[in-house]
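Undergrad: Take this sequence and fold it.
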Amino acid sequence: MTIPASAGHGPIKVEVKSGGYLQDWKQSAYSKIVFSRFKAWGWTHESGMVDIPPDYHADVYVFALHICKDPEKLDLLDLSQWEFRVLPRRVLLEHGVKSLSWDKVRKLTPTGLGWTQLADAVRSAHSGGS
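TA: Model prediction:
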């Protein structure tokens, strides 16, 4: 996904990683939240071929966690049941990230965000503010 950047900057390439504690099936415990597959093979529209080794291709990574732990109240469309965290690509590069647990995401970006704060946080991470 790309979103418009602030004035004077090109579009921001965003990759969204999502997870949730509850699943559609009966569980004996909450799901462990781990995000992976940050590096991928590149593909160019011009050549129609894979042309670069696996790499981070987004400018900014958004981590979306559905935080509801009560099956009776579960509503994926209720944005208040989601928590978001944002990291710029440089943080993943600095740490050589292959996968991240939710706990590690929280350590790298200690402030959780609501839906309404997300666009500004993505722009800030892209411009070097995070």
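
Undergrad: can you tell me how far L87 sits from W43?
TA: 23 Å (Cβ to Cβ, to the nearest Å). All C-beta spots, glycine's among them, are computed from the backbone N, C-alpha and C.

Undergrad: neighbour count winner among those two?
TA: Higher neighbour count among L87 and W43: L87, with 22 against 12, using other Cβ atoms under 10 Å.

Undergrad: show me what contacts that one?
TA: 60-61, 63, 105, 108-109, 125, 130 (Cβ atoms under 8 Å, 6 or more residues apart in numbering).

Undergrad: Among the residues you listed, which lie within strands?
TA: If you go by DSSP state E, the contacts of L87 have 60-61, 63 in strands.

Undergrad: count of residues packed around the nearest residue to K39 once chain neighbours are set aside?
TA: With Cβ to Cβ, 6 or more residues apart in numbering as the criterion, K39 has its nearest non-adjacent residue at 4.0 Å, and that residue is P54. For P54, the count of nearby residues is 12 (other Cβ under 10 Å).

Undergrad: so which strand or helix has P54?
TA: Per DSSP states H and E, P54 falls inside strand 50-56.

Undergrad: what about the closest residue in space to Y21 that isn't next to it in sequence, how many neighbours?
TA: Closest residue to Y21 apart from its sequence neighbours, by Cβ to Cβ, 6+ apart: Y30 at 4.1 Å. The tally of other residues near Y30 (other Cβ under 10 Å) stands at 11.
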